[in-house]
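A.B. asks: have a look; sequence and predicted model below, questions after that.
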Amino acid sequence: MTKGFQLDSKHLPLAATIGLFIVMFLFGSLRYTGFFSTQVFLNLFIDNAFLIVVAVGMTFVILSGGIDLSVGSIIALTSMVAASLTMNAQLSPALVIPLSLLVGTVLGFSMGCLIHYFNLQPFIVTLAGMFLARGLCYLINVESITINNEFFSFMASTRIPVGGGNFISISVIIALLVVVAAIFVAHFTKFGRNVYALGGSEQSALLMGLPVGKTKILIYTVSGFCSSLAGLIFTFYMLSGYGLHANGLELDTIAAVVIGGTLLTGGAGYVAGSVVGVLILGIIQTVIVFEGTLSSWWTKIAIGGLLLLFIVLQRVIVARSKTTQTSIASH
Amino acid sequence: GTGGQTDSSSSNGAGKSSDKLVIGFSQVGAESEWRTANTKSMQNAIKDAGHELKFSDAQQKQENQIKALRSFIAQKVDAIVFSPVVETGFETVLQEAKDAKIPVFLADRAVDIKDDSLWVTFLGSDFIEEGRKAANWLVEETADTEGDVNIVELQGTVGSAPAIDRKEGFEEVIKDHPNMKIIKSQTGDFTRAKGKEVMEAFLKSDGENIDVLYSHNDDMAIGAIQAIEEYGLKPGKDIKIIGVDAVRGAFEAMAAGKMNVTVECNPLFGPQMVDLIEAHLAGEEIPKRVAVEESMYTMDQAEELLPTREY
Amino acid sequence: MMKSKLFWPIVVLLIILLINLFFDKNFFTIEVKNGYLTGSLIDILNRGAPLLLVSIGMTLVIATKGVDLGVGSVIAMAGAVGAMTVSGANGDSLVPLFTAIAFVIAISILTGIWNGVLVSRIGVQPIVATLILMVAGRGIAQLITDGQIMTVYYDPYTFIGGGHLLMLPFSIFIVAAMLVIASFLTRKTAMGLFIESVGTNPEASRLSGINSKNILLMVYVFSGICAGIGGLILSSNVASADGNNAGLWYELDAILAVVIGGTSLNGGRFYLMGTVIGALIIQSLTTTIYSIGIAPEINLVVKAIVVLIVCLLQSPEFRKKVFGVFNMKQTEKKSKNEGVSIS
Amino acid sequence: MKEQTPLLIMEGITKEFPGVKALTDVQLNLYPGEVHALMGENGAGKSTLIKVLTGVYTFDEGSVTLDGKSIRITSPLEAQNLGISTVYQEVNLCTNLTVAENIFIGREIIKRGRLDWKEMNKQAKELLKTRLNLDIDVTKLLSFYSVAIQQMIAIARSLQISAKVLILDEPTSSLDQNEVNQLFDVIRKLKKEGLAIIFVSHFLDQIYEITDRLTVLRNGEWIGEFKTNEIERLELVSKMIGKDLNELKSGERRTSNKAFERKRPFLQGKNISKKGKIAPFDMDIQEGEIVGLAGLLGSGRTELARLLFGADKADTGEIKINGSMANLASPKQAISNGIAFCSENRKTEGIIGDLTIRENMILAMQGLQGWFKYIPRKRQIEIADEYIKLLNINPPNPEQLIKNLSGGNQQKVLLARWLITNPKLLILDEPTRGIDVGAKAEIQKLMLSLSKEGMSVLFVSSEIEEVLRTCRKIAVLRDHKKVYEFENDQQITQKDIMKAMAGGMT
Ligand SMILES: Nc1ncnc2c1ncn2[C@@H]1O[C@H](COP(=O)(O)OP(=O)(O)OP(=O)(O)O)[C@@H](O)[C@H]1O
Ligand SMILES: Nc1ncnc2c1ncn2[C@@H]1O[C@H](COP(=O)(O)OP(=O)(O)OP(=O)(O)O)[C@@H](O)[C@H]1O
Ligand SMILES: [Mg+2]
Ligand SMILES: [Mg+2]
């Protein structure tokens, strides 16, 4: 019953995931030239900054036992709104950015209200949200809108050197700030603990007198906000608004969160785990590109195979140590 | 010129640069036969020229494509070829490529970037022109028809470049012919199954009124042909069918008299691309825009050309 | 219980059909044409057959608190396998047809076992477990077809999805048969009870001596078979196999159908008939959008709105708040009754 | 206390669920500084009255007055804010949070803008230690602890709230005597501080020990309000049940033992153990024998029972059934060997909430028969009706969802689930938890008569009295170890057992 053990058992899935990531990175480094470099590692963050941000929002949703399918579409809608406000309405970025952030926040808030007040299933409400947001993109414009704006270009192309000729982007900084804030919220605020309680048992949370409704609405609002923020990062990344952006991203996000050790039934998991989950998805792609010989369909099969490898290994490691763990811990 | 001919022209460039190049090729995906043929052509051409290929499939996602381009840069390839998923949003990564002194060649689809020093050249089809060609054929074909020509349109995936451009080119031409009217237009997502389903719905609501079907690709047209037959009309006769791409299936349909015309969109430009890359690396000046040679095939030519189609 | 679950979905379905009637006077007529019964209603059934099948399988999976994201890929794989098997065949011999059917069913069972083992034996969460097949399955389908759209020139193959029996499309009979099998398994054997109990409280079920692992396995296999046959119909209907596009997004539509039908994603009670209505709503909506000429750009917005309306109508809280004002006088007691309910 | 005005007045409370009238014109007066018992059979409406008061349900008619102000509470949160602190009948905590979090959530301590975990852990530990004499690691997840401990934690949580009204709905149902005493000390202290306390229990001893006044409910109707020391036990029971209950007096202590003659062993366990859970033990159970398991909270009784049932896998040991080796690796195998296990944790390991009484009852039987031998619906209803009558389950409607039943009635359904399988060995882990006096007597009688027919019973109970009354053999556990086995003859007393449990006898 030592402190150390307990820490382990709680953080075990996370530790297993990080371990697997490292193994994968070593594997890539041994196999491909040019893989073992700081920049390749940093590229994981640069290329997935938006995914990290959505995954953070999604983590809260999944922790509470819900799900949010609208994230991909909200990214597209945000990029579309940002692009059309900048290019068509000629607004300044100082206005465009808050307005774009409002897009997801408002949508998320509305979905949260529907889920709470009418007791609807999150899956369906957010699925409707997904259709709606993408539909709204096409209403704004079916074509993509290129953004020619100094501020956006600045955000897109500024490289922050981190030594040794390596660099990261501003988006990475934003994403990391979001992660830090989210970890704080999850563990050191009432809201964060309420999210966990809700995921543990909604009925109990209600009977314990927790503000279930408020928390639920806030969760989807937060997720909507994160999606919009990710949408902006995505816009910096792509410098365009487009209705087909981030198609199918919701599943990637859910996969990242779940691979990061969060239980889909809610109540258990960590924000940091989701970040590792994103990095794992990223490294799978990197390995496949470095391999460079896979045909389109072998690419898909390889992604599936690597995903399988991860998930099964993770399960095995966690299950293994759990059995030994409990017997040690209770003496 | 047809697709078949371009394939053999790779020998032109083979001697120019004897170095073995590493070429990164980022493809959109494998969403259609056309795309698969395009991938194969590119792969074979690069291999035949003795170069090494790094291939990456973006699964139709731009973010994946950007990641792939970054990885190519990290691998320090000699040249990058890519078919952008979308026209926009590649500035940053192309800038990185430029800084790493890796030349970039665009295939099939263009990018919409002001700074054209970011890429060497664009080799690909002109979707708007394809739309125009389709419309022009129709104008000629119906020159002596009196009264209205009712057209139904099967669009590609909403928002995709070929769908937007093929629609635009087509409308641009028929605008001047007031008797031609697009009475229904709906997306069929470029697939046979959807094409058939949507056509069924069109037939239900407009039935015998439909004179012409303009489909943004051949696959949807083939699906629609089945729907028309099941409905009890004769495709190609009762309803004229225009497709785009010139895939093998379209030739079969045309040979059977069920389809009238298909506008070629040639995917077999791999050898042409390799030539361009080698020329550029050998220091030659090449134009910013190189067109793929394409034509149009009608019902009468189908029978004889069918055996020569590669895709 | 059952009645109230089905009532609102049926109302929505009727409304959608009536909207069609408004645009097309002959919408409800069924006439004999070319010796077959034709009409919009039959078309909807025929077109919706694959979705109906997939949704029936999905219902059972969802009842166990799971979800099967792999169905779309299984559709693609089944089509590819089927088309490949008959690719060389021609003439009238039925042997290739039955071989193809056998292969398709075999591969769908295989996919079901794959998902089922991952979920029940290795304990992977259903959404990720089936995500693997969702990604890789499409790759396998393309591998089989070599990335091409494989066209079938063998007529008997097209019978499955395009043929007629007793003047009706054959696919309708397939759906009916699967529905009967599913109803039989779940209502005339203990399957249904076990599925619901495992979905509601797995631990209590285990302690009651139910082998929940086998139930889970079985459910995923059934879902696989349904998707496989759905894929066969789809591929047969267009006489070709398209590894990349066949069955795209079917998983979401199927889940949607199940939920519209009143089954909760939290597992437990399931309603097969509700699912059937749900799938029909989705299919009629699609057909309506096509036939009344809605611009493709707003398809999704329309779909979103309809989905929301169905869900809201099903929500007692919503009905109370909206119709409550109107009903207040007669049933004042009742409406106050429900309050904050915990369940 | 007489001249005081009531702190809380509930009047004319009526609550109807679809098809069930749970409360009809019920009233309740609660004075500050008193402990007020709610009495009634299973399903009488006690929990519903409490839930109506705390805003879990809204009531149809009636009025509630707190501190002279008319109020209408619509959520538990609101109730808490008004100073009503509640421990509900089923443990309603979050098992995925730590003990400390469960105690503090909703009222966390915040220091410099962030939750102060150090302080909360410290206070939680202190609270459990000083108030309830429970020394456990509060940073462990709640799921790590047994139901009884969880119940203590729920009580601790309610104590942590500074409230005017404290409601305890069957807090003692799975506690043993020590814990109950501990709790009562706390209650007395709070009473002195002027708190008004509502207390629900089916243990008459406890009622007479701690409460000042009681309100009796029957079938959702208000029967009367009495001062505890002015009403006879028997009279109280007859008020609750609605008829004279002379049978209950019969007190046929240990009759079973005389009737029981050693036949042949049904189950022989040797050297069974599970690392970290229970030390190696032997266990023999004869055919038709009732064996009691006694022990303190967390002494490992539940663990022992689970091993015999295959709910957990043993590390070592072998089990013979009817003389031949048996492999009890899963509940399914145990059940097919004629063993049944009624878990102490009915909410998470017992009921299938969304299913009906009928379905819950036949589940184990159907599991035994397999998928294809489906018990025809008509037969199911017959079985359900039979057991509803036998166990007096209320409402007597086999199609009612089990989650809508009162706690005691749920317990009866679970008992029925196992009786239906007609087991050779019935393991009952706290089966009388939350069951009313009448039903408890019925169940004990049932156990005795079944044992006469040759069924063995392994009976885990925190009531030594009950164990002594029914069991022929009593095994005592301490610290996850079987330390003693008694033949239950007239010489054994409650004291002896308590001593063995506490460690005075080895
Ligand atoms: N949500 C519900 N829906 C329908 N009926 C309900 C619901 N909750 C309680 N009931 C019914 O109301 C009646 C009173 O139940 P309640 O839980 O108040 O009994 P109780 O006195 O607490 O019994 P116990 O001693 O067994 O806990 C029971 O008949 C029960 O079946
Ligand atoms: N006082 C305690 N301190 C630490 N752990 C405890 C304590 N009581 C119980 N536990 C833990 O709770 C778990 C459940 O114990 P178990 O269910 O065997 O108890 P029991 O004898 O059945 O008593 P009860 O059911 O009354 O709690 C065990 O794993 C044990 O480690
Ligand atoms: Mg109760
Ligand atoms: Mg116990």
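C.D. replies: That came in fine, so what should we check first? Ligands and ions are numbered 1, 2, ... in the order given.
A.B. asks: what packs against the strand or helix carrying residue C:283?
C.D. replies: Take DSSP states H and E as the rule and residue C:283 turns out to sit in helix C:272-291. Applying 3 or more Cβ pairs under 8 Å, 6 or more residues apart in numbering or on different chains; DSSP states H and E, one finds that helix C:272-291 contacts helix B:192-206, helix C:2-23, helix C:40-63, helix C:170-183, helix C:250-260, helix C:299-314. C-beta coordinates here come from the backbone N, C-alpha and C atoms, glycine included.
A.B. asks: okay, these in JSON lines with distance to ligand 3, mean neighbour count and mean pLDDT next?
C.D. replies: Below are these laid out as JSON lines (distance: least, Cβ to the ion, whole Å; neighbours: other Cβ atoms under 10 Å in any protein chain shown; pLDDT from 0 to 100):
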{"stretch": "helix B:192-206", "distance to ligand 3": "57", "mean neighbour count": "25", "mean pLDDT": "88"}
{"stretch": "helix C:2-23", "distance to ligand 3": "28", "mean neighbour count": "15", "mean pLDDT": "81"}
{"stretch": "helix C:40-63", "distance to ligand 3": "30", "mean neighbour count": "27", "mean pLDDT": "92"}
{"stretch": "helix C:170-183", "distance to ligand 3": "38", "mean neighbour count": "18", "mean pLDDT": "93"}
{"stretch": "helix C:250-260", "distance to ligand 3": "34", "mean neighbour count": "27", "mean pLDDT": "91"}
{"stretch": "helix C:299-314", "distance to ligand 3": "31", "mean neighbour count": "21", "mean pLDDT": "87"}
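A.B. asks: now the ones you listed in JSON lines, with distance to ligand 2?
C.D. replies: As requested, the helices and strands packed on helix C:272-291 are arranged in JSON lines below (distance: least, Cβ to the nearest ligand atom, whole Å):
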{"stretch": "helix B:192-206", "distance to ligand 2": "57"}
{"stretch": "helix C:2-23", "distance to ligand 2": "39"}
{"stretch": "helix C:40-63", "distance to ligand 2": "32"}
{"stretch": "helix C:170-183", "distance to ligand 2": "41"}
{"stretch": "helix C:250-260", "distance to ligand 2": "39"}
{"stretch": "helix C:299-314", "distance to ligand 2": "42"}
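A.B. asks: next, the angle from the helix holding residue C:283 to helix C:170-183.
C.D. replies: Inter-element angle recorded for helix C:272-291 and helix C:170-183: 150 degrees (by axes from the mean of the first three to the mean of the last three Cα atoms, to 10 degrees).
A.B. asks: tell me the average confidence for helix C:272-291?
C.D. replies: Helix C:272-291 comes out with an average pLDDT of 91.
A.B. asks: between that helix and helix C:250-260, how many degrees?
C.D. replies: 120 degrees.
A.B. asks: helices of the stretch 201-311 of chain B, residue ranges please.
C.D. replies: B:218-231, B:248-255, B:270-281, B:299-305 (DSSP state H, counting those that start in this stretch).
A.B. asks: for ligand 3, what's its nearest residue on the stretch 1-150 of chain A.
C.D. replies: residue A:119 (25.0 Å; Cβ to the ion).
A.B. asks: for that residue, which non-adjacent residue is spatially closest?
C.D. replies: residue C:317 (5.0 Å; Cβ to Cβ, 6 or more residues apart in numbering or on different chains).
A.B. asks: report pLDDT for that neighbour.
C.D. replies: At residue C:317, the model reports a pLDDT of 82.
A.B. asks: and it, which helix or strand is it part of?
C.D. replies: Residue C:317 belongs to helix C:316-327, assigned by DSSP H and E.
A.B. asks: one step back: mind saving the C-alpha coords of the helix holding residue C:283 as PDB?
C.D. replies: Output of helix C:272-291 as PDB, limited to C-alpha atoms (Å, rounded to 0.1, in the frame of the first residue of the first chain):
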ATOM      1  CA  LEU C 272     -35.900  -3.800 -34.000                       C
ATOM      2  CA  MET C 273     -39.000  -2.400 -35.500                       C
ATOM      3  CA  GLY C 274     -38.000   1.100 -34.300                       C
ATOM      4  CA  THR C 275     -34.700   0.600 -36.200                       C
ATOM      5  CA  VAL C 276     -36.600  -0.300 -39.300                       C
ATOM      6  CA  ILE C 277     -38.700   2.800 -39.100                       C
ATOM      7  CA  GLY C 278     -35.500   4.800 -38.400                       C
ATOM      8  CA  ALA C 279     -33.800   3.500 -41.400                       C
ATOM      9  CA  LEU C 280     -36.900   4.200 -43.600                       C
ATOM     10  CA  ILE C 281     -36.900   7.700 -42.300                       C
ATOM     11  CA  ILE C 282     -33.300   8.200 -43.400                       C
ATOM     12  CA  GLN C 283     -33.900   6.600 -46.800                       C
ATOM     13  CA  SER C 284     -37.100   8.600 -47.500                       C
ATOM     14  CA  LEU C 285     -35.400  11.700 -46.500                       C
ATOM     15  CA  THR C 286     -32.600  11.100 -48.900                       C
ATOM     16  CA  THR C 287     -35.000  10.200 -51.700                       C
ATOM     17  CA  THR C 288     -37.100  13.300 -50.900                       C
ATOM     18  CA  ILE C 289     -34.100  15.500 -51.100                       C
ATOM     19  CA  TYR C 290     -33.200  14.100 -54.500                       C
ATOM     20  CA  SER C 291     -36.700  14.200 -56.000                       C
END
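A.B. asks: the closest residue in space to residue D:296 that isn't next to it in sequence: neighbouring residues, count only.
C.D. replies: Excluding its sequence neighbours, the residue lying closest to residue D:296 (Cβ to Cβ, 6+ apart) is residue D:501, at 5.4 Å. Here the number of neighbours of residue D:501 (other Cβ atoms under 10 Å in any protein chain shown) works out to 22.
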